[in-house]
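K.L.:
Below are the sequence and a predicted model for it; my questions follow.
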Amino acid sequence: MAQPPILSWEGLGLQQGGRWLFGGPDYEDIDLHIGPRDRLALIGRNGAGKTTLMRLIDDRIEADRGIRKIKPGTRIVFLEQEPDFSGFNTLMDFALGGTHPPERHEVESIAGQLGIDMDRPANTASGGERRRAAIARALAQDPDLLLLDEPTNHLDLGAIDWLEDWLSRYRGAFVVISHDRTFLKRLTKATLWLDRGTLRRKEVGFGGYEAWEEQVYAEEARAAEKLDAKLKIEAHWLERGVTARRKRNQGRLEKLWQMRAARAAMISTTGTAKLKLASDEEFKSKSVIVAEKVFKSFGDRAVIKDFSLRIQRGDRIGIVGANGAGKTTLLKLLTGEMQPDTGKVEISKKLSGVMIDQQRSLLEPDRTVRQILAEGGDWVDVRGIRKHVQGYLKEFLFDPKIVDTKVGTMSGGERSRLLLAREFARTANLLVLDEPTNDLDLETLDLLQEVIADFEGTVLIVSHDRDFLDRTVTITLGLDGSGRVDVVAGGYEDWEAKRRAPQHQAKAKPAAAKAEKPSAPPPPKSDKLSYKDQRDFELLPTRIEELEAAIAKGEAILSDPDLYTSDPQKFATISKGIENARAEKDAAEERWLEIAERVEG
């Protein structure tokens, strides 16, 4: 039996900037109910009101209409996207200053697990250190309901893994806003979708959100046929602008897998490019950055050791690792901003780059959108093609009416999207993206993936967003902090698979096998394979397909919005079955890749 909610909003409506953000005469009033063990993803475009809804839940702002009900004794803690550290001398002072001040030993325990020095002065702490301190303060307050606004921003992969593990064991409820698809897929069990002033809820985690979204837009498109032409056009744009974009991106992913397979064939086990093209001259002519036996240290610490790689035109390079592992150093070495102690980095003289950094430092708050994009005029030069500024805004999912809006009034996500529009208009053959996904909504991430896929030059990406890397990069450079740089053809998951594999299997090339989607041509007979190995090599591809079909079928059943309330036992059984099928599929893929490497050898 479903438990009663610990918090509810009934008939919620709010005006903002002279218009109704949700509710009121413009939209239906919002009804929201949060149960004691809910794991909710809050989805919506930048500017839809996601953070505002969080503040209403936390009673930080007053609504214009509606009734808020809360179970007595319920403790709500809000982890803000940008907490205010002013007035606090140290990170510990900040952590002990919450609404429900936590015990110091609780903060110290969590901070120790996150690897953060809480005695660090708050005004000089980095974004990652501040984020960890904010997490320590929030979790140490022992909340019944956690409100998480972009919790993975500025966190490295180790900290994200730790937070995922903590939340998976957490016994309370949480609502999370995040652009990190992997984070949402692993943790959420239901989805709140804030869209055009309306809040929808579906009892399926983020893994089923995209299918639900497409279904809603398709239904709206059919309904629009009975309405006036303006609504038809809007619904048509929604269907084409979202659904069609996702279908195009599926085609781009297929192309990405092919590119990974080709690059895997060129990368040796030591990370040095080897000849697999028509001729050595052809291979070298396509190279834009060549690193040979690069070594870089700071004091007694070797940050980069014996690193070699030949980067070609069109490569998409992802750089991953913990904070402090050397990602920024490696990026500076590859772009010529820093010189190695030994070895050399040769950069093509024809390479001209654009860098988009995580500080969004290129936008002045008092300037208008028109001034940022078109220097105050009506036209913007987009890589040599003249476009009207309002038409160009549409390409980056903006309402053209915002053309004379000041940057300072825009949300963080809108400013990030504007910066992308400005920088992608420049003529360049090298893009350097430092944490480009911070503050972006999911639709803008789809757009960014599309732009990167269509970019004809070379891309260097530093990111902790695992799903984004899996969808965009052809090569991953993984740093473990020891100075070693793993060169893996593929994305984040391919790097992780290599890290998980036993040392003697570290030379495996999972991306190539993944790109080929092992449909298993008959393996060459090899006396190195046992009977069981031979059977697994032949049969596992079929089993993997069966598991993928079972997972898809289960997710389709869970997409029924009434299943959770009508038959919670069936919902739980199917959810567990999907989890088991995914685990078996992962194990089967690793086993097949292990045997495939031996066959190739």
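P.N.:
The structure has been received and is ready for your questions.

K.L.:
Looking at the chain, which helix is longest?
P.N.:
helix 568-600 (DSSP state H).

K.L.:
Average pLDDT for that one, rounded please.
P.N.:
In this model, helix 568-600 has a mean pLDDT of 77.

K.L.:
now swap in stretch 390-408 and tell me
P.N.:
Here the average pLDDT along stretch 390-408 is 87.

K.L.:
Please enumerate the strands of the stretch 1-150 of the chain.
P.N.:
Secondary structure of the stretch 1-150 of the chain by DSSP state E, counting those that start in this stretch: the strands cover 7-16, 19-22, 30-34, 39-43, 65-70, 76-79, 145-149.

K.L.:
mean pLDDT lowest for which of the ones you listed?
P.N.:
strand 19-22 (a mean of 87).

K.L.:
Tell me the buried residues in it?
P.N.:
20, 21, 22 (16 or more other C-beta atoms under 10 Å). No exception for glycine: its C-beta is placed from N, CA and C like everyone else's.

K.L.:
can you put the residues you listed in JSON lines and add distance to residue 80?
P.N.:
Converted to JSON lines, the buried residues of strand 19-22 look like this (distance: C-beta to C-beta, whole Å):
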{"residue": "20", "distance to residue 80": "24"}
{"residue": "21", "distance to residue 80": "19"}
{"residue": "22", "distance to residue 80": "20"}
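
K.L.:
What is the nearest of those to residue 336?
P.N.:
residue 21 (47.0 Å; C-beta to C-beta).

K.L.:
which residues sit in contact with that closest one?
P.N.:
Counting by C-beta atoms under 8 Å, 6 or more residues apart in numbering, residue 21 makes contact with 14, 15, 49, 52, 197.

K.L.:
now residue 143
P.N.:
Residue 143 makes contact with 75, 76, 77, 172, according to C-beta under 8 Å, 6+ apart.

K.L.:
Just the buried subset of the residues you listed, please.
P.N.:
Among the contacts of residue 143, those classed as buried by neighbour count (16+ other C-beta under 10 Å) are 76, 77, 172.

K.L.:
Report the next helix or strand after the helix or strand of the chain at the bottom of the mean pLDDT ranking in sequence order.
P.N.:
When each helix and strand of the chain is scored by mean pLDDT, DSSP states H and E, helix 510-515 comes last, with a mean of 42. Next helix or strand after helix 510-515 toward the C-terminus (DSSP states H and E): helix 531-558.

K.L.:
Validate this expectation: residue 467 resides in a strand.
P.N.:
No. Residue state for residue 467 (DSSP: H, G, I helix; E, B strand; the rest coil) corresponds to helix; a strand is not indicated.

K.L.:
so what's it up against?
P.N.:
Neighbouring residues of residue 467 by C-beta under 8 Å, 6+ apart: 180, 181, 182, 185, 492.

K.L.:
Over to residue 344: give its phi and psi.
P.N.:
Dihedral angles of residue 344 (phi, psi; degrees, to the nearest 10) stand at phi -150, psi 150.

K.L.:
Apart from its neighbours in sequence, what residue is nearest it?
P.N.:
Nearest non-adjacent residue to residue 344, counting by C-beta to C-beta, 6 or more residues apart in numbering: residue 292, 5.5 Å away.

K.L.:
what helices or strands is the one helix or strand that neighbour maps to leaning on?
P.N.:
According to DSSP H and E, residue 292 maps onto strand 287-298. The contact analysis (3 or more C-beta pairs under 8 Å, 6 or more residues apart in numbering; DSSP states H and E) places strand 287-298 against strand 301-312, helix 327-335, strand 342-347.

K.L.:
Out of these, flag the one nearest residue 415.
P.N.:
Comparing the helices and strands packed on strand 287-298 against residue 415 with C-beta to C-beta, the closest turns out to be helix 327-335 (22.5 Å).

K.L.:
Send me the closest one as PDB with only the CA atoms.
P.N.:
The C-alpha trace of helix 327-335 is given here as PDB (Å, rounded to 0.1, in the frame of the first residue of the first chain):
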ATOM      1  CA  LYS A 327      43.600  16.900 -16.600                       C
ATOM      2  CA  THR A 328      44.200  20.600 -17.000                       C
ATOM      3  CA  THR A 329      47.900  20.100 -17.300                       C
ATOM      4  CA  LEU A 330      47.400  17.500 -20.100                       C
ATOM      5  CA  LEU A 331      45.000  19.900 -21.900                       C
ATOM      6  CA  LYS A 332      47.500  22.700 -21.700                       C
ATOM      7  CA  LEU A 333      50.300  20.500 -23.000                       C
ATOM      8  CA  LEU A 334      48.200  19.400 -26.000                       C
ATOM      9  CA  THR A 335      47.200  23.000 -26.800                       C
END
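
K.L.:
Can you get me a residue count around residue 455?
P.N.:
Residue 455 has 17 neighbouring residues, counting by other C-beta atoms under 10 Å.

K.L.:
Let's verify the residue lying closest to it once chain neighbours are set aside: helix, strand, or coil?
P.N.:
Ranked by C-beta to C-beta, 6+ apart and with sequence neighbours excluded, the top spatial neighbour of residue 455 is residue 431, at 6.3 Å. Secondary structure, three-state DSSP: residue 431 is strand.

K.L.:
roughly how far apart are residue 431 and residue 394?
P.N.:
22 Å (C-beta to C-beta, to the nearest Å).

K.L.:
Share the number of residues neighbouring residue 301, please.
P.N.:
Neighbours of residue 301 (other C-beta under 10 Å): 12.

K.L.:
Tell me how far it lies from residue 341.
P.N.:
Distance of residue 301 to residue 341, computed by C-beta to C-beta: 12 Å.

K.L.:
what stretches of this structure score poorly on pLDDT?
P.N.:
Within the chain, the stretches with pLDDT under 70 are 1-2, 98, 223-251, 267-285, 357-362, 501-529, 531, 559-562, 564-565, 597-601.

K.L.:
what's the domain layout of it?
P.N.:
Listed domain ranges for the chain are 7-215, 262-498, 531-600 (source: automatic domain parsing).

K.L.:
did I read that right, residue 460 in a helix?
P.N.:
No. Going by three-state DSSP, the assignment for residue 460 is strand, not a helix.

K.L.:
What is the burial count for it?
P.N.:
24.

K.L.:
elements contacting the helix or strand where residue 320 lies?
P.N.:
Element membership of residue 320 [criterion: DSSP H and E] is strand 316-321. Contacts defined by 3+ C-beta pairs under 8 Å, 6+ apart place strand 316-321 against helix 327-335, strand 458-462, helix 466-472, strand 475-479, helix 492-500.
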